[in-house]
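Participant: okay, here's the prediction I keep looking at, along with the sequence it came from:
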Amino acid sequence: MRLIITEKNNSAKKIAEILSQGEAKADAVYKVPFYTWSDADGDHMAIGLKGHVMSPSFPEGYSNWQETDLHELIDAELTKEPTDKNVVKAVRKLAKDAGTIVIATDFDREGELIGLEALEEMLDANPDLGSRDGTRDGTLQIKRARYSALTKEEIERAFGELDELSYPLANAGAARQDIDLLWGATLTRAVSLASRRFGSNFLSVGRVQSPTLGLIVEREMERRAHVAKPFWEVLAKFEHPDGTFEAHHETDKFWEKAEADAAFAGTSGPGTVKSVTARKNTRKPPTPYNTTAFTTDASSRLGITPASAMRIAEDLYMDGFISYPRTDNTVYPPSLPVRELISSLVRIEEFSAAAGLLDQSQLSPTRGKKETTDHPPIYPTQAIHPGALEGPKRRVYELVVRRFLATFSPPMITESTRADIEAGSQPYFVRGSVVVDPGYAAIYTYARSADEEIPALQEGQTLELDGEPWLLDKETQPPSRISQGKLIEMMEERGLGTKATRADIIQKLYDRGYVYSNPPIPSETGVAMYEAFKKYVPRMATAEMTAQLEQEMDRIAGGEMTKGEVVGDSRDLLHRTWSEIDERREDLAKVVWKGMDEDRILGPCKVCEEAGRTKEDGSPNMLRIIRAKKSGKRFVGCTGWTLDDPESCDQTFPLPQRGDVFKLEERCSVCGETPRLKVVPFRGRPWNLCLNDDCESMQEMKKRRAEREAAKAAKAAMEEKQPPDGVADGKAPAKRKKVSKADTATRGRKRAKAATKG
């Protein structure tokens, strides 16, 4: 029997359907589904895993944070633990009847490692399959199927060109697992112990997470350091037969008010058009999507976070609608059937704007700078009507299709026109642009902006002023915050993380409360964590150390280094890092405590504001998170309350007692009455909490909660009315006699004996 191992059940089912031509039958073992069929080549079986089969962990004896020496933790020999025992049992059971193994997990480091994890379990259960290098008596028994899309053509090609498992690629993935565990566990314990944050209140630290946080914090520090500088702009409106239009003074910004006033005073009509210049601009079509470009566009054009975009893309890949979404490649392979694919896509009305592509004798796509041989760029693998998909899936599929079609489209041509006008002694200008030929923007509609046309102006033309000119008072703005899409680009440039991990790393910063909002804003705890590292453990604040480890893991994949060498180098570096933290742990803790304390301040107390109560120095009384000394319960109270003053503010608000709480807004954007918080439970999804119980957002949440509880109660009531199977209405089910293991064994022996006699 040939046993096919895939990464997930969906892909196992899809591959079985394709290879069996729809004849595969579903079954399950240990609650894990598998699929069987037979053909001229024999019997076949496909089973899907649930991601990683095994995960690294520390051996017993290292669980007590306060009693474990961290240098010993760094040197601990890591063990492997099953992520799902049922999956392991299922794989081992099915392997016993297998004659050939085909690893068909995703084609990347993680997929190669998952395949190796499953293989080692199968070899342990059935040593006759071969050895770890994939051979038995000179015959190849362990094979690898590599594919980039779950389509009939791609799967048939992959199984017709079976390859070998890449142990260097798998070992590179295993090295990353070990290194991330060692760094995460050691530094998280180090910082949490230094700041005395134990249990569920620990402070998470990671070798990629911390320098990524640094990118966000550094930008925030630039914003805070920004000193607004005032400037003035002067504008005027001119009359024209085709309608009035605005023009801007030739001086973009006046830094002195007197100069702006002089320009205002020197403007008089009529104005005279001194020159008109027109220039055509050609914008090249975009290059094919790799993971970074896709998540950046999903964030900026669709408003979907990178983590969500990748989850949606993986679902579309599993459904067979797009190619594998984790890729660095920006060059389509020659084997891609582009004309056939484009022909099927443009038949759909939403994509018919690209129908003209089929008139080209040769379809030549754009090419990006990165070309790899593992996966092609992200492209649609089949044409489906977007209406068949719902919500974000539809929008992401459309984005991928439009980008794909745009890469074969002609450039977009625009024409920009500038007219210089003299009004009195002052020069003005007006600029407009129109799309002459939309080119690729006809299908890639995200790239097209609204035309900014201006009236047809001629040199020497006289234009009357429409009223007086006017001044705009403005000030310089701080640099904008980094969007999640841009952050992924910056991580790639600095070698932080991989295409498979970057979106998840950003999400972890949100989950840990180090950042909030979108674009991400660092919390004071997040700022303090980065500042503490920057001052006392600089290698944890910058990308150089992490980028170096990433390069070494690439060398494992290339066969230039071993997993043991790279993990050993990482342990040495980690020893030095922990020593640096240990030497300055009190100083580091003070910085972190200060940030955490600032995060407990939620905003000014509105009750005190209305009553005119302030602190002795005139600053406002603030609402802050307080933990009661006796009960340990937390709540929100006003800093203006004192025990010996009955007139002091006694404003309080309850808080959930479990999970982390972070400030979102000093004043809720819905009701404007009280601060708004984010609650991150230990289990389940985060949710937003307004302290004002009458806030519309809270009423809506309560309504949805009541509806869920009512539905649960109705379901429970229906189940109570239905008797168990085999029980007549009104009769209680007969009680089953409890049978001991000894009784079961005795009965088994009696049955065996009876069978022997028969």
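Facilitator: Great, that's in hand.

Participant: so Ile348 is in contact with His385, correct?
Facilitator: Yes - Ile348 lies in contact with His385 (C-beta atoms under 8 Å); the separation is 5.7 Å. Where you see a C-beta, it was placed from the backbone N, CA and C, and this is true even at glycine.

Participant: could you identify the helix or strand that succeeds the strand or helix carrying Val396?
Facilitator: Element membership of Val396, judged by DSSP states H and E, is helix 391-406. Next helix or strand after helix 391-406 toward the C-terminus (DSSP H and E): strand 412-423.

Participant: any regions of the stretch 451-600 of the chain where pLDDT drops low?
Facilitator: Of all residues in the stretch 451-600 of the chain, none has pLDDT under 70.

Participant: how about the helices in it?
Facilitator: 484-493, 502-511, 524-536, 544-557, 563-583, 585-599 (DSSP state H, counting those that start in this stretch).

Participant: likewise for the stretch 1-150 of the chain?
Facilitator: Using DSSP H, counting those that start in this stretch, helices in the stretch 1-150 of the chain cover 9-19, 70-75, 85-95, 109-125.

Participant: and the residue nearest to Gly424 when sequence neighbours are not counted, how many neighbours does it have?
Facilitator: Using C-beta to C-beta, 6 or more residues apart in numbering and skipping residues adjacent in sequence, the residue nearest Gly424 is Ser268, 3.5 Å away. By the measure other C-beta atoms under 10 Å, the count of residues near Ser268 is 14.

Participant: can you check Ala309 too?
Facilitator: 26.

Participant: that one and Asp504, how far apart?
Facilitator: 12 Å (C-beta to C-beta, to the nearest Å).

Participant: report the separation between Ala170 and Leu119.
Facilitator: On the measure of C-beta to C-beta, Ala170 and Leu119 end up 9 Å apart.

Participant: can you list the buried residues in the helix holding Val396?
Facilitator: 392-406 (16 or more other C-beta atoms under 10 Å).

Participant: contacting residues around that helix?
Facilitator: Residues outside helix 391-406 that contact it (C-beta atoms under 8 Å, 6 or more residues apart in numbering) are 285-286, 288-289, 294, 297-298, 301-302, 304, 308-309, 312-313, 315-316, 321-322, 341-342, 345-346, 350-351, 354, 357, 378-380, 384, 386-387, 389, 440-441, 443-447.

Participant: what's the answer for stretch 62-70, then?
Facilitator: So stretch 62-70 is contacted by 72-73, 76, 186, 189-190, 192-193, 198, 578, 582 (C-beta under 8 Å, 6+ apart).

Participant: with adjacent residues omitted, what lies nearest to Val591?
Facilitator: Ala532 (4.1 Å).

Participant: that neighbour: how many residues sit nearby?
Facilitator: Around Ala532 there are 26 residues (other C-beta under 10 Å).

Participant: please apply the same query to the one 3 residues further on.
Facilitator: Residue crowding around Lys535 was assessed by other C-beta under 10 Å; the count is 13.

Participant: tell me which of the helices of the stretch 1-150 of the chain lies nearest to Ser631.
Facilitator: Minimum separation from Ser631 across the helices of the stretch 1-150 of the chain (C-beta to C-beta) falls at helix 70-75, 33.8 Å.

Participant: buried residues, the closest one. List them.
Facilitator: Buried residues in helix 70-75 (16+ other C-beta under 10 Å): 70, 73-74.

Participant: list just the nearest of these to Asp473.
Facilitator: Leu70 (57.0 Å).

Participant: show me which residues of stretch 695-702 are buried.
Facilitator: Buried-residue list, stretch 695-702, by 16+ other C-beta under 10 Å: 695, 697-698.

Participant: again, but for stretch 470-486
Facilitator: Quick answer for stretch 470-486 (16+ other C-beta under 10 Å): 471, 481-486.

Participant: okay, the spatially closest residue to Glu7 that is not a sequence neighbour: pLDDT?
Facilitator: In this structure, Glu7 finds its nearest non-sequential neighbour in Thr105, 4.3 Å apart by C-beta to C-beta, 6+ apart. Thr105 is assigned 94 on the pLDDT scale.

Participant: please look at Thr105 and Glu117 and confirm they touch.
Facilitator: No - taking contacts as C-beta under 8 Å, Thr105 lies outside contact range of Glu117: 9.5 Å.

Participant: where does this structure dip in pLDDT?
Facilitator: 130-140, 198-201, 682, 721-758.

Participant: C-terminal to the longest helix along it, what's the next element?
Facilitator: In the chain, with assignment by DSSP state H, the single longest helix is helix 167-194. Using DSSP H and E, the next helix or strand after helix 167-194 towards the C-terminus is helix 209-225.
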